[in-house]
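# Build me a model from this:
(one chain, ligands or ions: 1)
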Amino acid sequence: MITMTNLYEIDDSRMPLRLGSALRVPSYAYSKWGINGNEEYLRKLSEEAYRAEWADGSPRQMQYVSAAMQNSGYGDFPQILRKANARAVSRLVKKFPGKVVIADVGAGESTVTIFDRLEDEDKDRIHLTLIEPSVERIEAAAAKLEMRGFSDFDLVVGSDLGTLQQLPAIPQIISYVATLHHHAYLDEPAQALYRTLQTGGFLTVADWHNPMWEHPNRVYEFLQTLQWKTKEEDLEAFAEKFPLVKRKADHIGDPYQRKAMRLIQDFWRGWAAVRREAVERGEFDSRDEIFMLEGHRPFVSEQETMSNAGFSIAEEHRLLKDSELLMLGVYQKI
Ligand SMILES: C[S@@+](CC[C@H](N)C(=O)[O-])C[C@H]1O[C@@H](n2cnc3c(N)ncnc32)[C@H](O)[C@@H]1O
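Down below sits the predicted model:
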């Protein structure tokens, strides 16, 4: 059945990795992907396209993501993001006297990593709000906090856009680890976060950044480097669906962005291998799936959106040498 959401996707079921909907790429690249129409409607559709991946996601998803990068000979990238974020949060907590409310959006291992990194004296004066659409994942994080003897937290099941206006307590710190890029349009969450945060408070965003998804030609050229049975047919369908595929994308001038693009391609190669092995073991199920077309964007683009929403840029940290694949941005509501 053709619905509006799958209007921008091909049948990727025989491919070694799933593409998902092009509605998930950064909204400023939509014209390159041939996506146009009523903006309000596209915003709604893009959020729906993301929901499919995460709301029913399995805890194994993140284990496979870690394995994909390690298989390619790199570090545990999700954990690098969590640790950098936790270091920043544990430092920022010290700026506030008394009770401090910390909200972790896309809660999970990142929340537990924050808690573990806090100094003991701060563990006694924080309240954590966990926001996460997957019930299974939020409950797993809550169980880990309880195992540590910590119970001063709320669980908010839902997405950021669906819950930020009605949090049980106003946060001084909001943290996102590998989660903010799950929006094609970043301006809406940026504005909602600005409204939600206490004045003087901080937003920490540890996330993946690269320019891969800004042009279908970059994806097409990468797919050509992979091998699978129905490759010719699938690539033809891709080119038919996204006519700019065969037009060369702009050269990427920034060397940190260029390297980030190479690394994200290595990640997807690693993912294809991890996925194939799990399928062969009969272990992979549809809830473990992640989709390739996504909202990663160059770091400067995230910073621009945050500034437009009113935030001042307090800190930026590159977490890998020579590449902006993993970045931590700290933003303040002044
Ligand atoms: C890549 S995982 C990272 C999980 C966790 N932050 C960590 O580092 O362990 C992304 C998480 O964000 C959640 N997520 C996706 N879109 C979201 C949204 N709009 N609002 C809140 N959470 C979202 C997903 O369910 C998923 O658990």
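
# What ranges in this protein fall below the confidence cut-off?
1-5, 54-57 (pLDDT under 70).

# Could you pull out the strands in it for me?
Along the chain, counting by DSSP state E, strands occupy 100-105, 126-132, 153-157, 173-177, 202-208, 312-320, 323-332.

# Look through the protein and state the residue closest to the ligand.
With Cβ to the nearest ligand atom, the shortest gap between the chain and the ligand falls at Gly106, namely 2.7 Å. To be clear about C-beta, it is placed using only N, CA and C from the backbone, and glycine gets the same treatment.

# Enumerate the residues of this structure near the ligand.
With Cβ under 6 Å from any ligand atom as the criterion, the chain meets the ligand at residues 50, 54, 57, 62, 78, 82, 105-106, 108-110, 131-134, 137, 159-160, 177-179, 182.

# Out of these, which sit inside helices?
Tyr50, Trp54, Met62, Pro78, Arg82, Glu109, Ser110, Arg137, Asp160 (DSSP state H).

# Please report phi then psi for Arg148.
Dihedral pair for Arg148: phi -90, psi 0, per degrees, to the nearest 10.

# List the residues that contact it.
By Cβ atoms under 8 Å, 6 or more residues apart in numbering, the residues touching Arg148 are Val112, Phe115, Asp116.

# so of those residues, which ones are in helices?
Counting by DSSP H, the contacts of Arg148 place Val112, Phe115, Asp116 in helices.

# ok, of those residues, which come out buried?
Buried members of the ones in helices among the contacts of Arg148, counted by 16 or more other Cβ atoms under 10 Å: Val112, Phe115.

# Just the closest of the ones in helices among the contacts of Arg148 to Pro168, please.
Set against Pro168, the nearest of the ones in helices among the contacts of Arg148 by Cβ to Cβ is Phe115 (18.0 Å).

# what's near enough to touch the closest one?
Neighbouring residues of Phe115 by Cβ under 8 Å, 6+ apart: Lys123, Leu128, Leu145, Arg148, Phe150.

# same deal with Asp285?
By Cβ under 8 Å, 6+ apart, the contact list for Asp285 reads Ser58.

# Number the residues from 36 up from this point.
In the new numbering, first residue 36, that becomes Asp320.

# State the distance from it to Met50.
17 Å (Cβ to Cβ, to the nearest Å).

# likewise Tyr255?
With distances taken as Cβ to Cβ, Tyr255 is found 13 Å from Met50.

# Going by neighbour count, list what's buried in the longest helix out of those in the chain.
As assigned by DSSP H, the longest helix anywhere in the chain is helix 290-315. The neighbour-count check on helix 290-315 (16+ other Cβ under 10 Å) flags 291-296, 298-310, 313 as buried.

# Distance from the chain centre to that helix, please.
Distance of helix 290-315 from its chain centroid, counting by Cα atoms, centre = their mean, to the nearest Å, is 15 Å.
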